[in-house]
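Student: sequence first, then the predicted structure:
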Amino acid sequence: MRTFLSAVLIALVALLVPAGAVAYWADHELGNADRYTAAMSPLADDPAVQGVVVTQAGRALAGQIDAGPFQGGVDALLGEALRSFAGTPAYRTAWDSANRAAHAAFLKALTTGDGDAVTIDLAPVIEQIKGDLVADGVPFADRIPVTHVSVKVMEYDDLGALRKGFRMLQIAGIWLPVLTVVLAATAIAVAVHRRRAVIATGLGIAVGAVLLWIAVAVCRRLTLDDLPADIDRAAAAAVYDALTAFLRTTAWVVLAIGLAAALAAWLTGRLRRTP
C-alpha cells in the first residue's frame, strides 16, 4: 500500500511540475511590470520586430505632413529616418518605455475582459523620432503628429478562455510549486524503500520538466497557427519566445535537478553495495 501511494504521489509530482512552473510564470513574470519589460527589452534588436515597428510607424506618419509637391520625398525621408533610428540606443529606450506602458494594457486584456490582442503603443517611439529629426533640422519634422499607434503583436479569437486560465494560474502561482515540493517529499517519506523512491521521484521531476518543454513548444505552434493573416508571424514568434524564455530555462533547470537527484541516489546505493 505504501509503495502504491508513493507511486501515485510521484505521478502527481510529474504532472504538477509543468503546472506549477506555468502558474509561477503567469503570476511572477507576466504579472510583474519590471520582469515583463526586461523580457521584451531584447526584442528591440530583433529584425522582425524592428520591421513591424518601422512599417507601422511609417504608415502612421505617411501623409500626416502636408509637404505639397515634396510629399514623396518627405515620406521617403521619414522611412529612412525610422530605419536608422531603429538601431540606436534612443530607440531601445523608447522601446522599453512603450513596453512598460503596454504592460498595463496587457494585464487589462487578461484580467478585465477588455480587448482581444496584445498591442504595443508606438507613441514613445514616434515622439523620440520627431525630437531627433527636429534637432537635426529636417524640414517639416515639427509637423509630425505624435499619434498613438497600437501595433498588434498577438491576437486571439477566444481571449476569454485565456483570461480565465490566466486568472486561475495567478491564484495558483505560489501554491502549486509548494504543493509539488510537499508531494515529492511525502512520496519519499511514505515509501518502503526510500532510496528507490528518491530515484523514482527524481525521474518523475525530470519527466515533468520534459512535459513543460513539450507544452511550451506545442503552445507556440498553436499560437502562431492561430494568428490572423495581418500579424507578422516572425515578430509574433519572437514575442512568444521572449515571454516564455523563463519557462524554457525552468524546464532545463528542473530536468537537471531531477536527473541529478536520481543519479545521486543510484550512485549512493551502488557505493553501499561495493565491498
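Tutor: Arrived safely. Numbers count the residues shown, from 1 in each chain.

Student: spatially nearest residue to the residue most central in space within the chain, not counting backbone neighbours?
Tutor: Note on the chain: the residue nearest the mean C-alpha position is L243, at 0.9 Å, using Cα atoms, centre = their mean. Distances taken as Cβ to Cβ, 6 or more residues apart in numbering place A39 nearest to L243, at 5.8 Å, with adjacent residues excluded. Backbone N, C-alpha and C define where each C-beta goes, glycine included.

Student: ok, now how distant is the one you found from A245?
Tutor: Distance of A39 to A245, computed by Cβ to Cβ, to the nearest Å: 6 Å.

Student: who's more crowded, those two?
Tutor: When A39 and A245 are compared on other Cβ atoms under 10 Å, the one with more neighbours turns out to be A39, at 20 against 15.

Student: run through the residues that contact the more buried one.
Tutor: For A39, the set of contacting residues under the criterion of Cβ atoms under 8 Å, 6 or more residues apart in numbering consists of 29, 242-243, 245-246.

Student: buried residues of the helix ranked longest in the chain, list them for me.
Tutor: For the chain, the helix with the greatest residue count under DSSP state H is helix 194-225. Within helix 194-225, the residues that qualify as buried are 196-213, 215-216, 223, counting by 16 or more other Cβ atoms under 10 Å.

Student: now stretch 78-94
Tutor: By neighbour count on 16+ other Cβ under 10 Å, the buried set for stretch 78-94 is 78-79, 81-82, 85-86, 91-92, 94.

Student: centre of the chain to stretch 8-18, how far?
Tutor: From the chain centre to the centre of stretch 8-18 is a distance of 25 Å (Cα atoms, centre = their mean, to the nearest Å).

Student: now stretch 43-63
Tutor: Remark: stretch 43-63 is offset 20 Å from the chain centroid, using Cα atoms, centre = their mean.

Student: pull out the buried positions in that stretch.
Tutor: By neighbour count on 16+ other Cβ under 10 Å, the buried set for stretch 43-63 is 43-44, 46, 48-50, 52-54, 56-58, 60-61.

Student: and W95, how far is that from V22?
Tutor: Using Cβ to Cβ, one obtains 27 Å as the distance from W95 to V22.

Student: strands of the protein, start to end?
Tutor: Taking DSSP state E as the test, the strands found in the chain are 117-121, 150-155.

Student: and those, which one averages the lowest pLDDT?
Tutor: Ranked by mean pLDDT, the strands of the chain end with strand 150-155 at the bottom, a mean of 61.

Student: how about the nearest residue to W266 once chain neighbours are set aside, what does it touch?
Tutor: Spatially, and ignoring its direct neighbours in sequence, W266 is nearest to I199 (5.6 Å; Cβ to Cβ, 6+ apart). Under the criterion of Cβ under 8 Å, 6+ apart, the neighbours of I199 are 262, 265-266.

Student: and G72, how many neighbours?
Tutor: For G72, the tally of surrounding residues (other Cβ under 10 Å) stands at 9.

Student: show the pLDDT at the residue nearest to W266.
Tutor: I199 carries a pLDDT score of 91 in this model.

Student: 646 is where my numbering starts, stick with that
Tutor: Fine by me, first position is 646 from now on; the one you just mentioned is I844.

Student: gap between it and T738?
Tutor: Shown here: I844 relative to T738, a distance of 51 Å by Cβ to Cβ.

Student: what do you get for V694?
Tutor: In this structure, V694 lies at 16 Å from T738, with Cβ to Cβ as the measure.

Student: swap in V852?
Tutor: Relative to T738, V852 is positioned 43 Å away (Cβ to Cβ).

Student: do L657 as well
Tutor: With the distance defined as Cβ to Cβ, L657 ends up 47 Å from T738.

Student: and what of D875?
Tutor: Noted for D875: a distance of 28 Å to T738, by Cβ to Cβ.

Student: what does T682 give?
Tutor: T682 sits 12 Å away from T738, going by Cβ to Cβ.

Student: and the helices in the stretch 646-795 of the chain?
Tutor: 647-669, 678-685, 692-706, 716-730, 734-756, 768-780 (DSSP state H, counting those that start in this stretch).

Student: redo those helices as CSV? Include mean pLDDT and distance to L916.
Tutor: As requested, those are exported to CSV (pLDDT from 0 to 100; distance: least, Cβ to Cβ, whole Å):
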stretch, mean pLDDT, distance to L916
helix 647-669, 90, 23
helix 678-685, 88, 43
helix 692-706, 79, 53
helix 716-730, 74, 63
helix 734-756, 78, 51
helix 768-780, 73, 61
